[in-house]
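Colleague: I'll drop the sequence and a predicted model, then ask my questions.
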Amino acid sequence: MKKNKKIILIITILVALILLGGCATWYVLNNNASDNGKNNISSVEQTDNESAQDVNVSTSDTENNLETDEQKDFNDMSPEELFQAFCDGKITAEARSYYDDTTWTMDNTSFQFEETTPEEEFDASLAVTKVDPVDLDNDGEVEFILENAMYGDMCFDCKDGKVICFAQGEGTAAMCSFTQYDGAYWIVHSDTTHVGRCTYTLTKFNGNLEVVDSFKFGWEDWEDDGIKTYYLDDNEITEADYKDLYDKVF
């Protein structure tokens, strides 16, 4: 009987050892598998992050390259090509006010070309035509002109990848044109359609679009009785002097 108990005890111990060994083996294997899974996930995440960074860098570089190439294309354009690019809406212009130092961005939606605008959409205040280029800033290079029947000329300097509208008509009290006077070209802003006054303001630019000279002349008749007072800048002049200056300017 005692012998049988010993045999049963030995068998029980063996079974227990086998079970413990199996559990230990399962724990080690399972733990290693879990660690390997974490490592694999971490590797995947790292790879994905690196790929995302590569995509972002690549996209950013592409955009920067496109902008650089586009600006490079503009810089390589001739004045004629720049002006045409502006008219086609591919590049904007910096516009400057006659009245003050205000500037704003101008694009080709600011006007209509008469030859391409449908009749039902035609607006005389926006309609323009191209006229022959003229050296309006007296630097030996021509500037480009769009003419509007109501407000006069729009004058564009095109170089170094930029288009600048440095003079234009701004309402019927400042209709823009140009004239050749005293050996140079001058921009003229005129107010000739209002009762009681007639004024001409002349501005001469240099190649940097800086004003190097200007003067104003005209007449006033506020009572509208036919008795006019003539002036040059702040000085009153005679009718004869006014007519002589007018003939020289225009």
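Modeller: Now that the structure is in, tell me what you want to look at. Given the structure is predicted, the values throughout are model-derived calculations rather than measurements.
Colleague: which regions of this protein sit below the pLDDT cut-off?
Modeller: Residue ranges of the chain with pLDDT under 70: 1-72.
Colleague: which residue is nearest the centroid of it?
Modeller: By Cα atoms, centre = their mean, the chain has its centre lying nearest to Thr92, at 4.9 Å.
Colleague: surely that residue meets Thr105?
Modeller: Yes. Taking Cβ atoms under 8 Å as the definition, Thr92 is a contact partner of Thr105 at 5.1 Å. (Each C-beta comes from the backbone N, C-alpha and C, glycine too.)
Colleague: All the helices of the chain, in order from the start?
Modeller: Along the chain, counting by DSSP state H, helices occupy 2-75, 79-87, 239-249.
Colleague: Any idea how far stretch 94-112 is from the middle of the chain?
Modeller: 12 Å (Cα atoms, centre = their mean, to the nearest Å).
Colleague: Show residues contacting that stretch.
Modeller: Residues outside stretch 94-112 that contact it (Cβ atoms under 8 Å, 6 or more residues apart in numbering) are 86-89, 92-93, 121-123, 126-128, 146, 148, 154, 162-168, 170, 174, 176, 189.
Colleague: buried sites along it?
Modeller: Across stretch 94-112, burial judged by 16 or more other Cβ atoms under 10 Å covers Ala95, Arg96, Tyr98, Met106, Asn108, Ser110, Phe111, Gln112.
Colleague: cool, and stretch 171-185?
Modeller: Those would be Ala174, Met175, Cys176, Ser177, Phe178, Ala184, Tyr185, for stretch 171-185 by 16+ other Cβ under 10 Å.
Colleague: got the contact list for the closest residue to the second one other than its chain neighbours?
Modeller: Put plainly, it is Met175. Among residues not flanking Met175 along the chain, Gly152 sits closest, at 4.3 Å (Cβ to Cβ, 6 or more residues apart in numbering). Contacts for Gly152 (Cβ under 8 Å, 6+ apart) come out as Gln168, Gly169, Met175, Cys176, Ser177, Ser190.
Colleague: and the third one, bridged to which residues?
Modeller: Same thing as Met175. Bridge pairing for Met175 (DSSP bridges) gives the partners Ser190.
Colleague: hang on, it packs against Asn148?
Modeller: No. Between Met175 and Asn148 there is no contact under Cβ under 8 Å: 9.1 Å.
Colleague: joint contacts of these two?
Modeller: Counting by Cβ under 8 Å, 6+ apart, the contacts common to Met175 and Asn148 are Gly169.
Colleague: just to revisit the earlier point, now, among the buried residues of stretch 171-185, which is nearest to Phe205?
Modeller: Of all these, Phe205 sits closest to Tyr185, with 8.3 Å by Cβ to Cβ.
Colleague: Surely the closest one and Pro133 touch.
Modeller: No. The pair Tyr185 / Pro133 is not scored as a contact, 11.6 Å apart, by Cβ under 8 Å.
Colleague: how close does the residue nearest to Asn138 when sequence neighbours are not counted sit to Leu82?
Modeller: Closest residue to Asn138 in three dimensions, ignoring its sequence neighbours and counting by Cβ to Cβ, 6+ apart: Ala184, at 5.0 Å. Distance of Ala184 to Leu82, computed by Cβ to Cβ, to the nearest Å: 24 Å.
Colleague: swap in Met106?
Modeller: Applying Cβ to Cβ, the value for Met106 to Leu82 is 14 Å.
Colleague: go on, Asp132?
Modeller: As judged by Cβ to Cβ, Asp132 and Leu82 stand 17 Å apart.
Colleague: who's more crowded, these two?
Modeller: Set Asp132 next to Leu82 and count neighbours by other Cβ atoms under 10 Å: Leu82 wins out with 24 against 7.
Colleague: Thanks a lot, see you next time.
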